[in-house]
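Asker: mind looking at a prediction? Sequence and model below.
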Amino acid sequence: MDIKTEQFVQVAEEELKNERTRLFLSLLPPAVSQRRQAAMSTFSDPKAAMSYCASVRGAAVDNLPDLLEEFEKNATANGAKVIWARDAAEANEFVVQKAREKGVSYVTKGKSMVTEELGLNPVLEQNGIEAFETDLGEYIAQQLKRPPFHIVGPAINVPPEEIRDLFMDIGILEKATADPVELGLAARIYLRDKFHHLKMGITGINMAIADTGSIINVENEGNIRFTKAAPQTQISIMSIEKVIPSIKDAMFQVRLLCRSCTGQKISSYVTIDNGPKKNDEIDGPEELYIVIVDNGRSAKYHDLLAREALRCFRCGACLNICPVYTTVGGYPYGWAYSGPMGQVLNPMLLGQERTQDLYRASTLCGACKEVCPTGVNHPKIFRYYRSKDVDGDTEFGGKPRPLMESIIYKFWLQGVTNSWSWKLGARLARPLLNNAIKNGWLRKKIKPLDNWLQARDLPLFPKKTFRDRWKDLRDRS
Amino acid sequence: MKDVSLFIPCIVDLLLPEVGEATVAVLRKLGQNPIYHPDQTCCGEPAINSGYQHHAIQAAKHFIEIFENDEAIVCPAGSCVNTVKNHYPELLAGDDDWVKRAESVGSRVYELSQFIVDVMGLDAVDATYQGKVAFHRSCQQLRGLGVSEQPERLIRAVKGVEAIPLIGADVCCGFGGLFSVDYASISEAIVKNKTDNFINSEADILVTCDPGCLTNINGYLSRNHPGKKAVHIANLLAGI
C-alpha cells in the first residue's frame, strides 16, 4: 500500500470535517474500550496479568535472535520451509515466484497487517495474480482501495449503504440491500467459492512458537482457517518479533490479546499449525512456507528504547483509548499501523523524516501506555524520537528542527537557569504576547499564539507575575 | 507553623498568578507557612516534551539546587510534579550523584491536593462553594502520579458542593503543551469534547489541578460558552 505518513495533517483536517468519521469515532472506540475493561476484570488481578504479559513480551523481544533460530529449526523439523526476507521486496518476490511456480492465478488472503506493511497485494496484482482478501472488513477496504481505518476493523467506518453500492458494482449482490447480515452473506458466498480448489493461501501469523515450531492465528471469522486448510500451498508471513518461547507463553498471550483487542476472553478461532499435512493426514496444505520478515527491524534492534516498540502484538487497545486517534481516525496515520501503535512503529520502520507528525501529534497523555498489555511506554518513545530530531541524530533519518524553535529554546535555557534573565525575558515578552492576544499586529507574526487563538481565548499576561506579588503576599502573612 | 516550599509553575507565575495566590491562601488556612524561592523558573517540562533533553537537564539541575534543602515542596500543578518526580531521574540517568539528588527532591515534591490529603492527613479544607462541581482528571497527575482520589475527596468535602460525575473525566483535554498549537484543530476537537461533556453534565464549574488543562479548557469555554468556567482546585479551596 502507498505510504502517506507525510500527509498526516492534511488527512486529519479532512477527517475532522467528515461527519461519518466523527459519528463513528464517538460510538465505537469507547464501546470497545468498555468491553475491554469488562473482559480484563475477569482476571483475578488484571494488573498482574498485564505485567506478566509485558514481561513475557519483553523477554521474548530481548531474546529474538536465539528464539528465531530455535523456531526455524523446529518448524523445519515439522516439515515447513522457513524463508528469511530482509525487506518487503524480498518477501513479495518470494510469494510471486512461488505463485508462478505453482501456476496460480489467484490467492486468498487471511487478514494480515504484515502483508499491508509489505504492500503485497499491489505486487501480486502487478504480476497478474489476483488477491482475494477474505476477512469481510479487509475485503471491503481492498475493494474501496482504502487503507485500514482500524487495525481490527479495517472498514468498520464504512456505512452499509456504501457497501451495498460497492457490492452491486462488483456484482456480488443480487438484490440491493443495506442489511448488514445480507451484505455479509453475499461476501461470504462469493469468497467461499474461492476456497474450492484453492492452490495458494496467504496468511499472517499472530505467534510463532520457538520450541515447537508451530504458528498460531487468532481470528473471529474463520477465513484464516480456510486459507490455511484449503490450499495446496500455504504461505504464512510474520515479522521477526512474533516469535515467543513456548506454547504456554502463547496461551497466556492469547488471553491478553483477545481481551485487549475485542473484549473477548478468546476469539472464535485460534488455530495452531504444526507444519504441512503429514502422510497419514487427510487435510491441510501439502506445503507450508513460513516467511520471516525483517524489513528494517534488526537495524534498530540495538536501540533499547526503539526496540520496545517490537513488543507490540497489535491488539489495538491503544487506538481505542487515544484522544488523537479517536478524534481523527486511522487514515491520517497513512500506513498499515495507526494510532499510538503506528506512532511508535512507523518511525522505526519508515524513518523519522516521513513520520515526524506521527510522534509529534500526541498529547503525551499516557492512556496508550496504561492500556498496553505488552508494556510499551509510548510517550517515552515519542519523546525519544523528538529528541533525536533536536540532537541531529540521523540514525533514524530524522531532520533538524526549525531554526526559530532552537533559537527560542536557547533563550529559554538562558532564562531557566538564571532568574534575572527569566524576569527580564518575561517583562520584555509580555507586551508582545498581549498585543497578539488582543488581536494586534503581532498576532499573525507569532504563529503558535495565532494557532491557539483560532478557536480559543487566552487571558492577558498580567502586569505583576506571582514573583512580583510574592513580596506583598509574604508581608501579609 | 511548618515551612512549605512553594513550587510555582512558570505558567502560574506568568499567566495565572491568582492560582499561586490561592495556593498560598490554602496552605496558610491549614496552618502551614509557605515560603518562596524567587530564583525558581521552569521545571523543564516543555523542553522534555519537545525533545530538548540537554536543555531540560540544565533546568532540572537548577531546580534541584534551589529546592533540595526543603522538607516539603508543594505545587499547584500535577504535571510539573510529575516532571520532577518521574522525568528528572530519567533525564539525569548516567550521573549517579545527580540521580540521587533528583530522587531525593522528587520524594519531597507534592501536588497541592496530594500534600493536603497524603502528607497532612486531612480529608477536608474549610471552604464553601454553593453549586454543582465536576472534576477533570489531568493526565500527568492521574497516570504519572496516580493522584485522583485526593482532589476528589477534597472537592466533595467543600461545604455546599454537589459533586457531579463527568463523562470521560479521565480523557485528555487536548492540551499537551506544544501539541495544542502545532495541531491546533485536532486539539480543538478534543477540548470541544471535554467541554461538551462538562456542559452536558450541568455542573456549574469544572475543577482541575493543572494550570495547563485549565488554560486550555477555559480558552475554549471563554470563546464558545461564555459564563462557563474551569476553576483551579486551589481557588475552590481558598474561596478566591
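Answerer: Sure, I can see it. Residues are numbered from 1 along each chain as shown, chains lettered A, B, ... in the order given.
Asker: can you classify A:Pro459 by secondary structure?
Answerer: Using DSSP: H, G, I helix; E, B strand; the rest coil, the structure places A:Pro459 in coil.
Asker: give me the neighbour count for it.
Answerer: Here the count is done by other CB atoms under 10 Å in any protein chain shown, and A:Pro459 has 14 residues near it. Backbone N, C-alpha and C define where each C-beta goes, glycine included.
Asker: what about the residue of the stretch 101-250 of chain A found nearest chain B, neighbour count?
Answerer: At 16.4 Å from chain B, A:Asn157 is the closest residue in the stretch 101-250 of chain A, using CB to the nearest CB. When neighbours are counted by other CB under 10 Å, A:Asn157 registers 23.
Asker: helix or strand for it, which one?
Answerer: Using DSSP states H and E, A:Asn157 falls within no helix or strand.
Asker: kindly report the same for A:Leu173.
Answerer: Using DSSP H and E, A:Leu173 sits in no helix or strand.
Asker: find the nearest non-adjacent residue to it, please.
Answerer: On the basis of CB to CB, 6 or more residues apart in numbering or on different chains, the spatially nearest residue to A:Leu173 that is not a chain neighbour turns out to be A:Phe167, at 3.8 Å.
Asker: again, but for B:Phe175
Answerer: B:Asn216 (3.9 Å).
Asker: that neighbour: what's it in contact with?
Answerer: Taking CB atoms under 8 Å, 6 or more residues apart in numbering or on different chains, we find B:Asn216 in contact with A:456, B:173-175, B:180, B:187, B:191.
Asker: pretty sure it is in a helix, no?
Answerer: Yes - assigned with three-state DSSP, B:Asn216 falls within a helix.
Asker: distance check, it against B:Thr208.
Answerer: As defined by CB to CB, to the nearest Å, B:Asn216 lies at a distance of 10 Å from B:Thr208.
Asker: over to A:Gly398?
Answerer: A:Gly398 sits 34 Å away from B:Thr208, going by CB to CB.
Asker: count of neighbours near A:Arg225?
Answerer: When counting by other CB under 10 Å, one arrives at 18 neighbours for A:Arg225.
Asker: list the contacts of it.
Answerer: Neighbours of A:Arg225 in contact, by CB under 8 Å, 6+ apart: A:217, A:219, A:269, A:271.
Asker: quick one: those residues as TSV, columns for secondary structure and distance to A:Phe149 too.
Answerer: Supplementary listing: the contacts of A:Arg225 in TSV, determined by DSSP: H, G, I helix; E, B strand; the rest coil; distance: CB to CB, whole Å:
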residue	secondary structure	distance to A:Phe149
A:Asn217	strand	22
A:Glu219	strand	18
A:Tyr269	strand	23
A:Thr271	strand	26
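Asker: most neighbours among the residues you listed, please name it.
Answerer: Ranked by neighbour count (other CB under 10 Å), these have A:Asn217 at the top, with 23 neighbours.
Asker: and the gap between that residue and A:Arg297?
Answerer: Here A:Asn217 is placed at a distance of 21 Å from A:Arg297 (CB to CB).
Asker: can you check B:Val231 too?
Answerer: 49 Å.
Asker: next one: phi and psi at the residue of the stretch 101-250 of chain A closest to chain B?
Answerer: In terms of degrees, to the nearest 10, the main-chain angles of A:Asn157 are phi -90, psi 0.
Asker: and it, what pLDDT?
Answerer: Residue-level confidence at A:Asn157 comes out at 89, pLDDT.
Asker: contacting residues for it?
Answerer: Residues near A:Asn157 by CB under 8 Å, 6+ apart: A:20-21, A:24, A:149-150, A:329.
Asker: now do the contacts for B:Arg137.
Answerer: Contact criterion CB under 8 Å, 6+ apart gives B:148, B:169-170 as the residues in contact with B:Arg137.
Asker: most neighbours out of the residues you listed, which is it?
Answerer: Highest neighbour count within the contacts of B:Arg137, by other CB under 10 Å: B:Ser148, with 20 neighbours.
Asker: would you map the helices across the stretch 351-477 of chain A?
Answerer: A:356-360, A:367-371, A:378-391, A:403-416, A:419-437, A:447-455, A:466-476 (DSSP state H, counting those that start in this stretch).
Asker: let's see the second one as CSV, backbone CA atoms only.
Answerer: Pointing back at helix A:367-371 there. Listed in CSV are the C-alpha atoms of helix A:367-371, where the atom choice follows Å, rounded to 0.1, in the frame of the first residue of the first chain:
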residue,chain,number,x,y,z
ALA,A,367,-3.6,6.5,28.1
CYS,A,368,-1.9,4.2,25.5
LYS,A,369,0.8,3.1,27.9
GLU,A,370,-1.8,2.5,30.5
VAL,A,371,-3.8,0.0,28.5
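Asker: which other helices and strands contact it?
Answerer: Contact analysis of helix A:367-371 by 3 or more CB pairs under 8 Å, 6 or more residues apart in numbering or on different chains; DSSP states H and E lists helix A:317-321, helix A:378-391 as its packing neighbours.
Asker: contacting residues around that helix?
Answerer: Counting by CB under 8 Å, 6+ apart, helix A:367-371 makes contact with A:33, A:36, A:260, A:317-318, A:321-323, A:339-340, A:376-380, B:139, B:143, B:170-172, all of which sit outside it.
Asker: quick revisit: near chain A too, which of the contacts of B:Arg137?
Answerer: Contacts with chain A are made by B:Asp170 out of the contacts of B:Arg137, judged by CB under 8 Å from any CB of the partner chain.
Asker: of the contacts of B:Arg137, which is the nearest to chain A?
Answerer: B:Asp170 (7.9 Å).
Asker: next one, pLDDT for A:Tyr1 please.
Answerer: Not quite, residue A:1 is Met, not Tyr. 67.
Asker: got the helices of the stretch 351-477 of chain A as TSV, with mean pLDDT and mean neighbour count columns?
Answerer: TSV is the format used below for the helices of the stretch 351-477 of chain A (pLDDT from 0 to 100; neighbours: other CB atoms under 10 Å in any protein chain shown):
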stretch	mean pLDDT	mean neighbour count
helix A:356-360	96	23
helix A:367-371	98	22
helix A:378-391	96	22
helix A:403-416	93	16
helix A:419-437	95	16
helix A:447-455	95	17
helix A:466-476	92	16
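Asker: burial of residue 64, as a residue count?
Answerer: Answering for chain A, as no chain was given. When neighbours are counted by other CB under 10 Å, A:Leu64 registers 18.
Asker: look at chain B instead
Answerer: When neighbours are defined as other CB under 10 Å, B:Ile64 has 18 of them.
Asker: and it, what does it touch?
Answerer: With contact taken as CB under 8 Å, 6+ apart, B:Ile64 is in contact with B:88, B:98, B:101-102, B:105.
Asker: what about 6 Å?
Answerer: B:Ile64 makes contact with B:101-102, B:105 under the criterion CB atoms under 6 Å, 6 or more residues apart in numbering or on different chains.
Asker: chain A next: which of those are close?
Answerer: Filtering the contacts of B:Ile64 for neighbours of chain A using CB under 6 Å from any CB of the partner chain leaves an empty set.
Asker: now, those that are in helices?
Answerer: Judged by DSSP state H, the contacts of B:Ile64 include B:101-102, B:105 as members of helices.
Asker: what packs against the longest helix belonging to chain B?
Answerer: Secondary structure of chain B read by DSSP H shows that its longest helix is helix B:184-201. Identification of packing neighbours for helix B:184-201 by 3 or more CB pairs under 6 Å, 6 or more residues apart in numbering or on different chains; DSSP states H and E yields helix A:8-16, helix A:325-328, helix A:447-455, helix B:211-224.
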